[in-house]
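Trainee: need a structure here:
(2 chains)
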2 protein chains.
Amino acid sequence: MGTRMAGRDKSIYRKAKDYRWEGVAELPYKEDDRALFKSITRQVLFADPQLHGELRYFEMAPGGFSTLERHQHMHAVMILRGRGHCLVGEEVRAVETRDLVTVPAMTWHQFRATSGEPLGFLCMVNATRDKPELPSAEDLAKLERDAKIAAFLRNEPIA
Amino acid sequence: MGTRMAGRDKSIYRKAKDYRWEGVAELPYKEDDRALFKSITRQVLFADPQLHGELRYFEMAPGGFSTLERHQHMHAVMILRGRGHCLVGEEVRAVETRDLVTVPAMTWHQFRATSGEPLGFLCMVNATRDKPELPSAEDLAKLERDAKIAAFLRNEPIA
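Mentor: Sure thing, here's the model as predicted:
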């Protein structure tokens, strides 16, 4: 998540076209064999040396999901497009456009486009931050003890 | 702009209802005799000691405007609602939903809801920042030498 490439655009005004922005590269995540994430893209909207925070836009296609991870730095999220579900800590919740989600330090979290439509969100983070940690088999087993979390992680419909 | 009152909500999930958020106070600016701003409210969406940035939402009613000011800290803006115009430095531009606006250091800027509809924007700033500076009569006279800026500042239709 570290590249600032897309943040080097020095234009004052950058037009939006739907959910793409002028001068902002859309960065797909390469999908790997471990299927840690699916059908998600990232656009870095603001990342300037004078800003202590960065603002990114992530979007998942229907059925897509972000990486299940945790880290010391906090995420400040606003859903910008569509609806879906997210896991933060020990709770799975439905989220929709403009809802706010705070991901505290060292808290497992994942977003899923569960509603047959794209799910897009803005995410503010500190410019200087630690690398995400992925769950061990034991961490996953612990999370899956909760039936709702287990269904969420298997991409099944959520009650 | 300094209060963190509204940022003390520690909920992980905060629902949106239109352009208001659960647990977030809507702070009107008291309108003063100098008419430095008009019909604008502020909601602090994220302001946590662990975040080096803050995310605020400002909304102007039709005909409303933000304070014309400048400061050392940078503004990173995304229009979230409606359309209008803004001045950044020496340029007035039409802006609409999801457009991005970067306000560099020590650059005069103002947003105006010029289109008969509300204009709302997200603004990311550094948590630690300097106080805004207001224009002197001389600064204003300098800005008004440009016909388009003069019309913008008088709230007249913009060509």
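
Trainee: Now stretch A:62-80: buried residues?
Mentor: Within stretch A:62-80, the residues scored as buried using 16 or more other C-beta atoms under 10 Å in any protein chain shown are A:64-71, A:73-80. To be clear about C-beta, it is placed using only N, CA and C from the backbone, and glycine gets the same treatment.

Trainee: Equivalent analysis for stretch A:121-137, please.
Mentor: Of the residues in stretch A:121-137, A:Phe121, A:Leu122, A:Cys123, A:Met124, A:Val125, A:Asn126, A:Ala127, A:Arg129, A:Pro135 count as buried by neighbour count, 16+ other C-beta under 10 Å.

Trainee: quick one: contacts for the residue lying closest to A:Val103 once chain neighbours are set aside?
Mentor: Once flanking residues are discounted, A:Val103 sits nearest to A:His75: 3.7 Å by C-beta to C-beta, 6 or more residues apart in numbering or on different chains. By C-beta atoms under 8 Å, 6 or more residues apart in numbering or on different chains, A:His75 lies in contact with A:Val101, A:Thr102, A:Val103, A:His109, A:Cys123, A:Met124, A:Val125.

Trainee: Equivalent analysis for A:Glu26, please.
Mentor: By C-beta under 8 Å, 6+ apart, the residues touching A:Glu26 are A:Arg20, A:Thr41, A:Arg42, A:Gln43.

Trainee: Repeat that for A:Lys17.
Mentor: If you count contacts by C-beta under 8 Å, 6+ apart, A:Lys17 has none.

Trainee: ok so A:Ala151 is a helix residue?
Mentor: Yes. Counting by DSSP: H, G, I helix; E, B strand; the rest coil, A:Ala151 is located in a helix.

Trainee: I figured it hits A:Leu143, correct?
Mentor: No. Judged on C-beta atoms under 8 Å, A:Ala151 makes no contact with A:Leu143 at a distance of 11.5 Å.

Trainee: related to what we said a few turns ago, okay, the buried residues of stretch A:121-137 in JSON lines with pLDDT and secondary structure next?
Mentor: Formatted as JSON lines, the buried residues of stretch A:121-137 follow (pLDDT from 0 to 100; DSSP: H, G, I helix; E, B strand; the rest coil):
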{"residue": "A:Phe121", "pLDDT": "98", "secondary structure": "strand"}
{"residue": "A:Leu122", "pLDDT": "98", "secondary structure": "strand"}
{"residue": "A:Cys123", "pLDDT": "98", "secondary structure": "strand"}
{"residue": "A:Met124", "pLDDT": "98", "secondary structure": "strand"}
{"residue": "A:Val125", "pLDDT": "98", "secondary structure": "strand"}
{"residue": "A:Asn126", "pLDDT": "98", "secondary structure": "strand"}
{"residue": "A:Ala127", "pLDDT": "97", "secondary structure": "coil"}
{"residue": "A:Arg129", "pLDDT": "96", "secondary structure": "coil"}
{"residue": "A:Pro135", "pLDDT": "95", "secondary structure": "coil"}
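
Trainee: what's the farthest-apart pair in those?
Mentor: Within the buried residues of stretch A:121-137, two members stand farthest from each other by C-beta to C-beta: A:Ala127 and A:Pro135, at 25.8 Å.

Trainee: Can you get me a residue count around the residue of chain A found nearest chain B?
Mentor: Nearest residue of chain A to chain B, counting by C-beta to the nearest C-beta: A:Gly53, 2.4 Å away. Neighbours of A:Gly53 under the rule other C-beta atoms under 10 Å in any protein chain shown: 25.

Trainee: what sits against the closest residue in space to it that isn't next to it in sequence?
Mentor: Ranked by C-beta to C-beta, 6+ apart and with sequence neighbours excluded, the top spatial neighbour of A:Gly53 is B:Gly53, at 2.4 Å. Listed by C-beta under 8 Å, 6+ apart, the contact partners of B:Gly53 are A:Leu51, A:His52, A:Gly53, A:Glu54, A:Ala76, A:Met124, A:Asn126, B:Phe46, B:Met124, B:Val125, B:Asn126, B:Ala127.
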